[in-house]
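Engineer: Whatever this is, show me its structure:
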Amino acid sequence: MIHVSIIGATGYTGVELVRLLGLREDVVLDHLTSRTYAGQKIQHLFPHLLGNVDHTCEELDLEQVTTDSDVIFVALPHGHALPIAKKAKEKGKKVIDLGADFRLKDAAVYEEWYKVPHTEPELLEEAVYGLPEWDRDAIKDAAVIANPGCFVTSILLGLMPLMKKGWVVPNSIVCDSKSGTSGAGRAGNVANLFTEVESSFKAYGVAHHRHTPEIEQLLTQMAGTDTMIQFTPHLVPMSRGILSTIYATVTGGHTAAEIHALFEETYADEPFVQILPAGMWPMTKSVKGTNNCQLGVTYDERTGRVIIVSVIDNLMKGAAGQAVQNMNLMFGLAETTGLQMIGLFP
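Structural biologist: So this is what the prediction gives:
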């Protein structure tokens, strides 16, 4: 049995972890922490869990959590995973951080973009970036996993085949992404009220969104050369989902058929990445509630640019689903355990 604790269990990603792990026969949920709802039954706060989960939320007791758990999921804002990971490391326990504290390898870059000091540079050095399609072997042996950002996952999976082959000009990349409102978290915010977002569509974080250095860090690794992108996120009036449309200039001589074949070859054995037939384009509804990423790709001969459309569920492949995928790898389980599901339609 895998003993699991979830720190921040009543946020959107935390409760999604509870949903994914609550029915697993190989998992024991030891501690579900929540500062706001300590002492309350999680299944009463979230009635969709009734009949499947029976657990009382509690305040974080870091000593107890790190003693009882084999793996700790941290679903908290940036800065909060650092002391938890330090304590877990001292006790030989594993940590999967769904926040940003271990994603950027340069502490100075983290401090510049997140405006808080990074207090655990040694842990940062050994943390593994948790995108299984990129480096699953390193994930298997990791003690600390940096679960990727949701926008980042959609973009990296869209570009990885081309970056590894050197088929695009690195600094030509433009990423235009749209997200549902759950991506902003569950905390009260006037900007995310129904009356603010309904029948509206807006850009935000223009030219300075915090996912930008994370995207560039991984694309640089994939390409083997410094890469800078233009990234603009948008908020759309839906609860779940991310759609990223990605544009990049192609290095000479590649046809649409060759590019499509490259994507099919790259992801042929990946259980959660699906390449759509040429001329077919993904939509967020197709991946809702799943850990899947669907990709459509073509080459515009007129402009010399590749166009990639990538969709994920931001709470699944963009957060909790990918975190469970990483846990499966860390404990030597089939990667798909507890994650094989078909999307909801309509």
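
Engineer: Show me where the stretch 151-300 of the chain has its strands.
Structural biologist: 174-179, 202-203, 230-235, 242-249, 273-275, 293-300 (DSSP state E, counting those that start in this stretch).

Engineer: Which other helices and strands does the shortest one contact?
Structural biologist: If I follow you right, that is strand 202-203. Applying 3 or more Cβ pairs under 8 Å, 6 or more residues apart in numbering; DSSP states H and E, we find strand 202-203 packed against strand 230-235. Any C-beta I mention is one placed from the backbone N, CA and C, and that applies to glycine too.

Engineer: Quick check: closest non-adjacent residue to residue 266.
Structural biologist: residue 161 (4.0 Å; Cβ to Cβ, 6 or more residues apart in numbering).

Engineer: Tell me who's in contact with residue 246.
Structural biologist: Applying Cβ atoms under 8 Å, 6 or more residues apart in numbering to residue 246 gives the contacts 155, 158-159, 173-176, 306-310.

Engineer: And the strands of the stretch 151-300 of the chain, which one averages the lowest pLDDT?
Structural biologist: For those, mean pLDDT drops lowest on strand 202-203, to a mean of 93.

Engineer: That strand pairs with which strands?
Structural biologist: strand 230-235 (antiparallel) (DSSP bridges).

Engineer: Name the residues of the strand it pairs with that come out as buried.
Structural biologist: 231-233, 235 (16 or more other Cβ atoms under 10 Å).

Engineer: How about stretch 145-153?
Structural biologist: Neighbour-count burial for stretch 145-153 [16+ other Cβ under 10 Å]: 145-153.

Engineer: Also stretch 275-285?
Structural biologist: Going by neighbour count (16+ other Cβ under 10 Å), the buried part of stretch 275-285 is 275-276, 282, 284-285.

Engineer: How about stretch 69-76?
Structural biologist: Neighbour counts over stretch 69-76 (16+ other Cβ under 10 Å) mark 69-76 as buried.

Engineer: want to throw the buried residues of strand 230-235 into CSV with distance to residue 292?
Structural biologist: Output for the buried residues of strand 230-235, formatted as CSV (distance: Cβ to Cβ, whole Å):
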residue, distance to residue 292
231, 23
232, 24
233, 21
235, 23
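
Engineer: if we take these, which one ends up nearest to residue 11?
Structural biologist: Of all these, residue 11 sits closest to residue 235, with 18.1 Å by Cβ to Cβ.

Engineer: Return the set of residues that bridge with the closest one.
Structural biologist: Bridge pairing for residue 235 - DSSP bridges - gives residue 179, residue 202.

Engineer: Give me the buried subset of the contacts of residue 246.
Structural biologist: 155, 158-159, 173, 175, 306-310.

Engineer: Please report phi then psi for the closest residue to residue 292 other than its chain neighbours.
Structural biologist: Nearest residue to residue 292, sequence neighbours excluded (Cβ to Cβ, 6+ apart): residue 272, at 5.3 Å. With angles defined as degrees, to the nearest 10, residue 272 sits at phi -120, psi 10.

Engineer: Need the contact partners of the lowest-mean-pLDDT helix or strand in the chain.
Structural biologist: Least confident helix or strand, the chain: helix 194-197 with a mean of 80, by mean pLDDT, DSSP states H and E. Residues from elsewhere that reach helix 194-197 (Cβ under 8 Å, 6+ apart): 181, 190-191, 235, 237.

Engineer: same thing but 7 Å
Structural biologist: Contact with helix 194-197 is made by 181, 190, 235, 237, as judged by Cβ atoms under 7 Å, 6 or more residues apart in numbering.

Engineer: again with stretch 176-191
Structural biologist: 11-12, 150-151, 154, 192, 196-197, 232-236, 238-245, 314-315.

Engineer: Can you flag the buried ones in these?
Structural biologist: In those, the ones that pass as buried (16+ other Cβ under 10 Å) are 11-12, 150-151, 154, 192, 197, 232-233, 235-236, 240-245, 314-315.

Engineer: for the one helix or strand residue 136 maps to, packing partners?
Structural biologist: If you go by DSSP states H and E, residue 136 is part of helix 132-140. Secondary-structure packing of helix 132-140 (3 or more Cβ pairs under 7 Å, 6 or more residues apart in numbering; DSSP states H and E): strand 128-129, helix 150-165, helix 321-330.

Engineer: May I ask which helix or strand encompasses residue 110?
Structural biologist: helix 107-114.

Engineer: centre of the chain versus that helix, how much separation?
Structural biologist: A distance of 19 Å separates the centroid of the chain from that of helix 107-114, by Cα atoms, centre = their mean, to the nearest Å.

Engineer: Can you name the secondary structure element that comes next after it?
Structural biologist: helix 121-126.

Engineer: thinking residue 343 is in contact with residue 288, fair?
Structural biologist: Yes: if you go by Cβ atoms under 7 Å, residue 343 and residue 288 touch, sitting 5.4 Å apart.
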